[in-house]
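Provided below for reference: sequence and predicted model.
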Amino acid sequence: MSKLLTTLVVLTILSITNVHALAGAVELPGPQDYLEADSAVYESGGTWRLQGNIILHLESLLSDTPLEITAEEMLYDEANQLAQVPGELTTTLTAHDLWLSGQGLTLNLRDGMGEMVDVQAQVSFDPSLLADETGLVNQQYVRLTRGKAPELLLTGERALLERDESGDSFIEFQHARLVTSASDEPDLVLQVQSLLFHPGRYASFRNLRVSVSGTTVLYAPRWKQRYRKGVDFLNTTVPLPGRDSEDGWYIQQALFADRGQFHVDVYSRYYFDLGLRSEAFLFTDTSTNSRLGLTVGRRRTKDFYDHSVGRTTYYDLSWRLQKHPAGLPLDSIDFGLSYGRLKQDTPSIASRRGYAFAEATTPPAKLGGNLRLIGSAGVHYWNYSYGNNEFLAFKQRVKLARSTPVGLDFVQFVHADKFGASPFRFDDNFPENELTFQKNFLPLPKLSARMSGRYNYDREHFDNLVGGISHEFRSYWTGLSYDFARGSMSVELAIKF
């Protein structure tokens with residue numbers, strides 16, 4: 001009886017006074033969730049009518065991603081945990097700097113499903129995410145021109161909150177248009193029928209069309225890009241052509257699959273002269289800075305002399321850990337172990353192989369202005385069942401770099417001491433002495449140019465020697481580059497923010 005009386009008193013007070021915190025009166029899915037409003041009226045059927053400065057803060061809906069909804073009017077069905085906003089609202093994912101506005105939200109907090117229309121969104125990101133190991137921002141492919149945090153802008157017909165097979169929530173934008181914040185009249189536009197955004201994991205596009213200065217330059221029925229350190233941007237689900245100086249023309253494609261904390265990446269190349277080569281990497285992140293994986297399949301790779309060699313991995317179980325030790329004059333220490341059975345095609349050799357490595361990198365030393373200096377040292381050890389061979393390599397590296405508005409200028413020297421021998425051509429890929437460099441120029445307004453190269457002292461030969469030039473447009477830079485060492489030409493593209 002006392003509990004009923006207390007409830008009636010609370011409801012009466014809430015119905016006639018301004019309310020700022022409703023967490024004690026309204027049932028929400030998680031203990032960290034809360035609801036605030038200027039006024040609240042409890043209506044029949046278990047529904048709250050909220051008005052004025054409404055904040056619905058949810059930490060139970062998206063894994064590791066707090067979500068906050070602000071509006072001026074909301075209906076909340078407590079029994080079914082259903083929130084409805086008939087008018088305008090704003091949704092923020094602070095952990096990913098994603099801001100959304102729209103109309104007419106319906107959100108089922110219990111099932112993790114929702115919908116709103118007339119969507120506008122902006123995603124900003126910290127420019128330091130573009131920084132390389134020296135801590136300097138590399139603007140070779142993404143150029144920051146407005147002196148503020150870069151933003152990606154989206155307009156869409158509808159946004160849906162859904163769950164995948166493993167129960168994780170994601171956001172789907174339907175009939176969306178994406179541009180950068182570089183121009184009020186963008187000439188680089190991405191249009192998609194649907195965009196699936198899984199915070200912190202991947203983005204997936206369906207019927208993607210990229211238009212440059214009014215001309216469609218790329219169409220892809222499906223495109224999925226994983227957010228993971230070490231994954232090249234070109235490793236996408238879209239088939240892309242390429243050419244190798246020895247193996248000829250090929251089509252490359254990647255496939256990504258996720259099931260909870262278990263992931264599979266499959267990287268494939270179809271060579272017109274050699275056929276299909278596919279390699280699969282199955283992995284799980286055992287912690288925020290360690291990974292356990294298994295590799296199987298076939299691929300083409302390069303040896304010390306930059307010649308193609310085929311590699312078959314029957315199995316290769318690996319574990320890797322990166323530490324950022326406090327109190328030591330080091331930026332990071334990397335460790336890795338692997339054990340597997342591999343085969344090489346030319347000469348044909350198969351062997352069990354054990355591998356271990358450790359590498360330490362210094363923090364960037366500031367030498368004045370934006371000049372940075374880093375160094376690293378590492379040891380790599382292989383043991384083979386074939387001929388009981390062992391191979392040991394000590395590698396040291398020094399890099400001096402500075403940033404420019406169109407890329408990094410740097411010079412790097414690498415030295416390696418090697419002992420023993422490897423039966424596999426693809427394991428011994430350590431030049432005893434190697435120099436790499438890059439220099440960027442701005443010869444004329446709206447023009448940028450660069451020279452880069454990699455010189456192998458052992459072979460007395462440039463492995464790469466590239467010259468490139470690009471022109472600036474409203475939302476992008478584009479141009480051509482030529483590799484004088486390889487005799488190949490490429491298209492260059494940098495997106496403006």
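That came through fine.

following the helix or strand in which Trp319 is found in sequence, what is the next regular element?
Using DSSP states H and E, Trp319 maps to strand 308-323. Sequence-wise, the next helix or strand downstream of strand 308-323 (DSSP H and E) is strand 332-344.

so what are the sheet partners of that following strand and their directions?
Using DSSP bridges, the strands paired with strand 332-344 are strand 308-323 (antiparallel), strand 349-361 (antiparallel).

ok, and for that strand, which residues are buried?
By neighbour count with 16 or more other CB atoms under 10 Å, strand 332-344 contains the buried residues 332-334, 336, 338, 340, 342, 344. For the C-beta atoms, the positions are set from N, CA and C on the backbone; glycine is no exception.

as a markdown table, the residues you listed with pLDDT and distance to Pro29 would be great.
As requested, these are arranged in a markdown table below (pLDDT from 0 to 100; distance: CB to CB, whole Å):
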| residue | pLDDT | distance to Pro29 |
| --- | --- | --- |
| Ser332 | 89 | 39 |
| Ile333 | 93 | 41 |
| Asp334 | 94 | 40 |
| Gly336 | 97 | 41 |
| Ser338 | 98 | 42 |
| Gly340 | 97 | 45 |
| Leu342 | 97 | 49 |
| Gln344 | 97 | 55 |
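
ok, Trp295 touching Ala280?
Careful, residue 295 is Thr and not Trp. Yes. Here Thr295 lies in contact with Ala280, judged by CB atoms under 8 Å, at a distance of 7.1 Å.

neighbour-wise, which of these two wins?
Neighbour comparison, Thr295 and Ala280: the larger count goes to Thr295, with 20 against 16 (by other CB atoms under 10 Å).

just for the stretch 151-300 of the chain, where's the confidence low?
Residues of the stretch 151-300 of the chain meeting the criterion pLDDT under 70: 166, 200, 226-237.

helices of that one, residue ranges please.
Using DSSP state H, counting those that start in this stretch, no helices are found in the stretch 151-300 of the chain.

same check on the stretch 1-150 of the chain?
According to DSSP H, counting those that start in this stretch, the stretch 1-150 of the chain carries its helices in the segments 2-16.

can you list the weak-confidence ranges in it?
1-25, 63, 147.

strands along that one, start to end?
34-36, 39-43, 47-62, 65-77, 82-93, 98-108, 113-124, 142-143 (DSSP state E, counting those that start in this stretch).

name every strand pairing with the fifth one and say which way it goes.
Within its sheet, strand 82-93 is paired with strand 65-77 (antiparallel), strand 98-108 (antiparallel), according to DSSP bridges.

kindly report the same for the last one.
Partner strands and pairing direction for strand 142-143 (DSSP bridges) are strand 488-496 (parallel).

related to what we said a few turns ago, for the strand holding Trp319, C-alpha coordinates in CSV please.
Extracted C-alpha coordinates of strand 308-323, given in CSV (Å, rounded to 0.1, in the frame of the first residue of the first chain):
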residue,chain,number,x,y,z
SER,A,308,57.7,-12.3,-58.2
VAL,A,309,57.5,-15.5,-56.2
GLY,A,310,54.5,-17.7,-55.4
ARG,A,311,53.7,-18.5,-51.8
THR,A,312,51.3,-21.2,-50.5
THR,A,313,50.3,-21.1,-46.8
TYR,A,314,48.9,-24.4,-45.6
TYR,A,315,48.5,-22.8,-42.2
ASP,A,316,50.2,-20.1,-40.2
LEU,A,317,49.1,-19.4,-36.7
SER,A,318,50.2,-16.0,-35.4
TRP,A,319,50.0,-13.7,-32.3
ARG,A,320,51.0,-10.1,-32.1
LEU,A,321,51.2,-7.6,-29.3
GLN,A,322,52.1,-3.9,-29.3
LYS,A,323,52.9,-2.2,-26.0
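
quick one: contacts of that strand?
Identification of contacts with strand 308-323 by CB atoms under 8 Å, 6 or more residues apart in numbering yields 244, 246-247, 277, 279, 286, 289-303, 332-346, 353, 424-426.

how about a cut-off of 7 Å?
With contacts defined as CB atoms under 7 Å, 6 or more residues apart in numbering, strand 308-323 is touched by 244, 246-247, 279, 289-303, 332-346, 425-426.

for it, buried residues please.
Using 16+ other CB under 10 Å as the test for burial, strand 308-323 gives 308-313, 316, 318, 320, 322.

quick check: mean pLDDT across it?
Averaged across strand 308-323, the pLDDT comes to 95.

chain center to it, what's the gap?
Distance, stretch centre to chain centre, for strand 308-323: 22 Å (CA atoms, centre = their mean, to the nearest Å).

helix, strand, or coil at the spatially closest residue to Glu185 that is not a sequence neighbour?
Residue nearest to Glu185 in three dimensions, not counting chain neighbours: Arg474, with 6.3 Å by CB to CB, 6 or more residues apart in numbering. At Arg474 the chain is in coil, as set by DSSP: H, G, I helix; E, B strand; the rest coil.
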